[in-house]
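**Q** Need a 3D model of the sequence below.
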Amino acid sequence: MKSNLVELRKQAEQAVQDMAEGDLKVKAFETILAHLLSAGTGRPSSPVLSGGRAGSSSKGHLKQKEGSPQVPRSVGDRVLFLKSEDFFASQRSIADIRIELKKNGWHYPVTSLSGPLQSLVQKRELRREQTNDEGGKGWKYSNP
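**A** Have a look, this model is predicted:
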């Protein structure tokens, strides 16, 4: 049992080895280790670790490698993960997107989201429209 635990810990460490040191890396390690430990219990795995629902990856961005959990690493891939969960079925503001990313443990300032969102719009992964609501103009993002 002890050797199995050591092996699972090593797998979790290897999965996060290229991440920058900090809270996100610690949380990712904890989540991956918990997933590996529960793999034999029959409980469902975390959707973050399994890349979303089966067959829901968008144009291959979140394809899971066989036998290893694939965690989206870039801001763009994480936004596409939200898209794969139908988050953009209705129009969403950049603040809405930031809050949803936080719920998954991915913390970004609003200023770090506008560039990747614009890139996804240019790649036709998302659509954006300018709106006039609640005292000002803003952009709303949705499925294309």
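**Q** Please enumerate the helices of the chain.
**A** 2-16, 23-38, 47-50, 75-84, 94-103, 114-122 (DSSP state H).
**Q** which residues touch Phe87?
**A** Shown in contact with Phe87 (CB atoms under 8 Å, 6 or more residues apart in numbering): 97, 100. Yep, even glycine has a C-beta here, placed from its N, CA and C like the rest.
**Q** Let's see that with 10 Å instead.
**A** 79, 81, 96-97, 100-101, 141-143 (CB atoms under 10 Å, 6 or more residues apart in numbering).
**Q** picking that back up, go through the helices of the chain and pick out the most buried.
**A** helix 75-84 (a mean of 22; mean count of other CB atoms under 10 Å).
**Q** Between helix 94-103 and that one, find me the angle.
**A** With axes from the mean of the first three to the mean of the last three CA atoms, to 10 degrees applied, the angle from helix 75-84 to helix 94-103 works out at 90 degrees.
**Q** Alpha carbons only: can I get helix 75-84 in PDB?
**A** Extracted C-alpha coordinates of helix 75-84, given in PDB (Å, rounded to 0.1, in the frame of the first residue of the first chain):
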ATOM      1  CA  VAL A  75      -6.000  30.900 -20.400                       C
ATOM      2  CA  GLY A  76      -7.300  30.100 -23.800                       C
ATOM      3  CA  ASP A  77      -7.600  26.400 -23.200                       C
ATOM      4  CA  ARG A  78      -9.300  27.100 -19.900                       C
ATOM      5  CA  VAL A  79     -11.900  29.400 -21.600                       C
ATOM      6  CA  LEU A  80     -12.400  26.600 -24.200                       C
ATOM      7  CA  PHE A  81     -13.000  24.200 -21.300                       C
ATOM      8  CA  LEU A  82     -15.800  26.500 -20.100                       C
ATOM      9  CA  LYS A  83     -17.200  26.500 -23.700                       C
ATOM     10  CA  SER A  84     -17.100  22.700 -23.700                       C
END
